[in-house]
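S.K.: Take a look and give me a structure for this.
(2 chains)
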Amino acid sequence: MQALALAILLFPAAGGIFLGVFNWRGSRLLTAMVGPGVIWAAFVCVLILLGNNVDQDFTYWTWIRAGSFEVPFDILIDHLSLFMCLVITGVGGLIVTYAVGYMEHETDGSYARFFCYMDVFVLAMLILVLAGNTVFLIVGWAGVGLSSYLLIGFYYWRRSAVIAARKAFVMNVIGDIGMILGAFVLFVSYHQVVYLKLFPALPHTPDATTELAAFLLLVGGIAKSAQLPLHTWLPDAMEGPTPVSALIHAATMVTAGVYLVARFHPLYDATIYAHAAVAIIGAVTALFAASIALVQTDIKRVLAYSTMSQIGYMFLAVGIGAYSAGLFHLLSHAFFKALLFMAAGNVIHALHDDQDMRHYGGLWHDMRRSSVTFLAGSLSLAGIIPFVGFFSKENVLGEAFSRGDGLGYAVWFIGFVTAVLTGFYTGRMWWFAFWRPASEERPVAGHLHEAPLVMLVPVAVLAVLTTVGGFLQIKAIGGWALVDDFLKPVLGEERIRTNGLEYLATVLTLVLAALAFAAAYNFWIRGTWSPAGWRARYGWGARVLERKYYFDELYDWAFVRPLDRLAGFTDREDRSLIDTGAVDVGAYTERGAGALSLTQTGFLRSYVLVFVAGVVIAAVLVLWRASS
Amino acid sequence: MIAAAQVTYTAAQAWSDLAQIGPIVAVTVALLVAVVVDLLLPRGLRGPVVTVIAIVGLVSALAIAAYRLVNGYGGPAYFRFVSGDAFALFFEMLFALIGVLAVIVSSSYVRRRGLYEAELQVLTLAAIVGMMSLAAAGSLVTVFLGLELLSIALYVSCGYNRIELPSQESAAKYLIIGGFASAFVLYGMALIYGATGTTVLSDIATRVTSDSAGNPLLLLGVLLMGVGFAFKVSAAPFHMWTPDVYQGAPLPVTAFMSVATKAAAFAMILRVFNYGLGHLGPEWQVLLAFTAAASMVVGNLMAIVQASLKRMLAYSGVAHAGYILVGVLAGGRAGVAAVLFYLFGYVFMNFGAFAVVSTLSGPAGDGDLYEDLNGLAYRNPTLGVLMSVFMLSLAGFPPMVGFFGKVFLFTAGISAGWTWLVVLAVLTSVVSVYYYFRVLFHVWSPLPEAPVRFAFGPVRGPVTVVLLAGVFAVALGPLSGFLLQVGLNGAAPLLSGR
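M.R.: Here you go, the predicted model:
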């Protein structure tokens, strides 16, 4: 079992190395086999571990030992890490398989490069969730940041892609710093890096140290999960190929923050402010992102904002202590958001990479299969029964409502409003892009080609999971809770007791979200209400939303430009002051060397002369030494 | 003054003594066989066969030394004239290793330059026997014997390309200046013998105490020997021969000399000064500190203005001699171990660099200008990347072995109180980055428009060597803990015997 646990990491690592080092000018078929193959192999390893009910911390070797500081390389296999591994390798395997078709237009080199990056990403993500200590957590954390950077900038010849990649990297590094400082605070205070030794050492009552550590870790979490205020990179990250958006920016990496809070739940349970901050940030981000999604015209950006919004729900859940509800929503979101991205990817692929919904329409007729799956994803996102999104979202909101204190009601209310907005913007996306008659601006005028089988099958599998996955945990309408039960060994008993009133809230949310979804039909198909009229009346509101609450402008004004000016200043001073000085020193050194080299005449007699001079100096020194 | 009659020397004693110098015996046997074979075989076969014999001899010496090092090493032999201790075994392994690398590079080089192959290998073996004797020496007599054996073999090797003027110049200059320096060493030894009445180092170590510091015979002896030793490690201001000799000698000889002679000379310094004359520390330290400082400054400054890679590497060797002297000055366990560590790492980075340059030679001559390296990384990526590794290692960049070597040397220097010297060493190392990176600049510059002066010939042998050296230069960095342990092990005999 020890070898098998390591094999989960070794398979993607081997795939990445093979594709990166050997196969970049090799066989395309081999790339298409190896790229997804290694992830499925890792998936099988996870299933075997799961089947054998392994629950253990495997230590392989000691990586660093310095005094009392010791970092082992250990893999922690428990129900939480297995749960995450199932999502990463299962949904990841589907997405990478899908990419075999989606990336077919790339040149051979780029094709191998893409799958190499994808395997490296999966490896880093698996290290992140399997790490048994904070040091390797950071290794994985930085690794996903790196591979995300590489994949966003995959089309490196596009300027916008490079800029987006840089932005994502910088934002993530801010988070990494928080993360590293947090781990450092924990080590300094409790002298442990291994989870299983660290967690028992934590106090049960709040104190300044735990609050500080929890806040610092949270900085890492919000940067990686694109929560306020470190969220600006995620929409731009849509510059990457669509499978990347599905895998990294919807299903796995961006949920790392949720995993982090769940993994460190003994820490967050011991804090008050940091824990509440998680819930508040989550709730506010959920509403904030949903409102921006109302006006976006790029289909991937709508999905990106909806991702932010849904992760907000997850943060909300883990922030109020409903960890398994948060993780259930993570699982459910991985299903339906990957589905939405990939179904949208089919459309984008067919429309020659056009992502503007205003150029869409007529898809229900031309791409029936992709449209049906997209509809399943949309209904799930909108929270319509019986799709998985309904059960997981209502699970989260139910827990918030049942908490019964001010924080619980506040975040429930924000979540409720967000759910209605979600119904509306999802409806808009569906009716406007898919249902509406074909736009005249559609880049492909005639019949559209439905995606090939290799792209349709993963989408179909996810569509099925989206439709029936909710029955894993139907707690929201009263009933079993398999996810809660599965995660109980790690996360403990569910803390929040329900009182029955939340079912009323559930019904209310469901009805209003469904109405909002339907109302979108009136806006964009029937034209009962016209978007243009609303825009005329509330122009300022639309502008604020379209400019995304001016966050980019604010950051540009507050950070980017002052830093730019500072850099310009130091650059000028460096050139005029330091560079000149350095060049002068170099020039004098060189001139000195030139003078010195005159002694190297090539004549033996002068060599002997220098030799003898050296003897004389040495003799004087030795005599001086002996006499003193 | 032992009467001959009192000496009883049994056969068992003879075998045990022979075992103590096992590695030296192996190389000597290979040398003798090679000489005979060279006479008997037809011309076409001589070169390859002698090369194989040389490699077999060197590898068996390496194996014997390694075996003895692992299975408990020996001690004094032949009436304490030599020793088979861990220090000797460390250097014997080192020389055998350098020998293998040198033989491979030379065999390819002589073929490309149209020179005789067999004799060069024989000369290399002879020099290695001398170096091993030097490292194993237990007496001043053995020291001088080894010194002369290695020197004479090298004088001939330098002039090996006898139809070329630079090669003749190299040999003549080396011979004359080398003879000059040998006279100093010999006179110094005579004075030491006069002052102590013995040539055996362990006896000198007991007879020379710190009270003898005022003895003018000893002082003069230390001075004269110190000058001669500084000449051998090519430390300034006794280094003037180095660039001329390095430039004129055939490339594999230069490569071999630059690392092996240096290592042998440092073994000699450690044996004679740190061990034999340990109590005169303050006296020889002032001499060595002066040469160390001069070497670092002169070596690094002069390397900047060279146009020829051979000359640049010659001056860089002068500078490195200065760094290593810091470890000799520091002394003690840490200092000696650091010296052994550095010599081991230096072998690979410097030999590797020379081996790369040696691939640039053809029948017309050696391509040893910076410009000849232009676009190397694209013409031959393996060589280009590894040349960069060697330069980074020489400049002391982590994680190469050169970085760790400098760390160990300088920390030993600081703890022994040589702070000013270490400060100078660090400052001059910064200067060295300039000329090492100039090589990188040429290696990675775009392919030249004009045709390359030297196209690659059959260079599989040197490429193997370069690869080997490159692997060592990189891998010894992370493995530095292990190598330092080996160095500490080798340092022990010099410290416990007193």
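S.K.: for B:Ala171, what are its contacts?
M.R.: B:155-156, B:158-159, B:248-249 (Cβ atoms under 8 Å, 6 or more residues apart in numbering or on different chains). Just so you know, the C-beta spots here come from the backbone N, C-alpha and C atoms, and that holds for glycine as well.
S.K.: If you could redo that for B:Val486, that was the one I meant.
M.R.: Residues near B:Val486 by Cβ under 8 Å, 6+ apart: B:90, B:340, B:344.
S.K.: Likewise for B:Ile24?
M.R.: B:61, B:92, B:129, B:132-133, B:136.
S.K.: Then B:Leu467?
M.R.: By Cβ under 8 Å, 6+ apart, the neighbours of B:Leu467 are B:382, B:386.
S.K.: secondary structure class for the closest residue to chain B within the stretch 1-150 of chain A?
M.R.: For the stretch 1-150 of chain A and chain B, the shortest gap (Cβ to the nearest Cβ) falls at A:Arg65, measuring 11.6 Å. With DSSP: H, G, I helix; E, B strand; the rest coil as the basis, A:Arg65 sits in strand.
S.K.: For it, which non-adjacent residue is spatially closest?
M.R.: A:Val71 (7.8 Å; Cβ to Cβ, 6 or more residues apart in numbering or on different chains).
S.K.: circling back to that earlier point, can you pull up the bridge partners for the residue of the stretch 1-150 of chain A closest to chain B?
M.R.: Legend: beta-bridge partners of A:Arg65 under DSSP bridges are A:Glu70.
S.K.: Do you know the pLDDT at it?
M.R.: Reported pLDDT at A:Arg65 in the predicted model: 72.
S.K.: A:Gly221 too?
M.R.: At A:Gly221, pLDDT is 90.
S.K.: Could you identify the helix or strand that succeeds the lengthiest helix in chain A?
M.R.: When chain A is parsed with DSSP state H, its longest helix is helix A:159-190. Per DSSP states H and E, the first helix or strand lying C-terminal to helix A:159-190 is helix A:195-201.
S.K.: Flag every buried residue along that following helix.
M.R.: A:195, A:198-199 (16 or more other Cβ atoms under 10 Å in any protein chain shown).
S.K.: circling back to that earlier point, just list the residues touching the residue nearest to A:Arg65, thanks.
M.R.: Counted by Cβ under 8 Å, 6+ apart, A:Val71 has contacts A:62-65, A:133, A:135-136, A:193.
S.K.: ranges for the strands of chain B?
M.R.: All strands of chain B, identified by DSSP state E, fall at B:76-77, B:82-83.
S.K.: check contacts around residue 328.
M.R.: Reading this off chain A. Applying Cβ under 8 Å, 6+ apart to A:Phe328 gives the contacts A:391-392, A:395, A:472-473, A:483-484.
S.K.: think we crossed wires, I meant chain B
M.R.: With Cβ under 8 Å, 6+ apart, B:Val328 has these contacts: B:266, B:269-270, B:273-274, B:288, B:335-336, B:339.
S.K.: and if you look at A:Leu234?
M.R.: With Cβ under 8 Å, 6+ apart, A:Leu234 has these contacts: A:168, A:226, A:249, A:254, A:304, A:307-308.
S.K.: how close does A:Ala460 get to chain B?
M.R.: Distance of A:Ala460 to chain B, computed by Cβ to the nearest Cβ, to the nearest Å: 46 Å.
S.K.: quick one: which of the contacts of B:Val486 is nearest to A:Ala322?
M.R.: Minimum distance to A:Ala322 across these is 61.1 Å, recorded for B:Phe344 (Cβ to Cβ).
S.K.: what's near enough to touch the closest one?
M.R.: B:94, B:476, B:483, B:486-487.
S.K.: For the spatially closest residue to B:Ala249 that is not a sequence neighbour, give me its contacts.
M.R.: Nearest residue to B:Ala249 in three dimensions, chain neighbours excluded: B:Cys158, at 4.1 Å (Cβ to Cβ, 6+ apart). By Cβ under 8 Å, 6+ apart, the contact list for B:Cys158 reads B:167, B:170-171, B:174, B:245, B:248-250, B:253, B:257.
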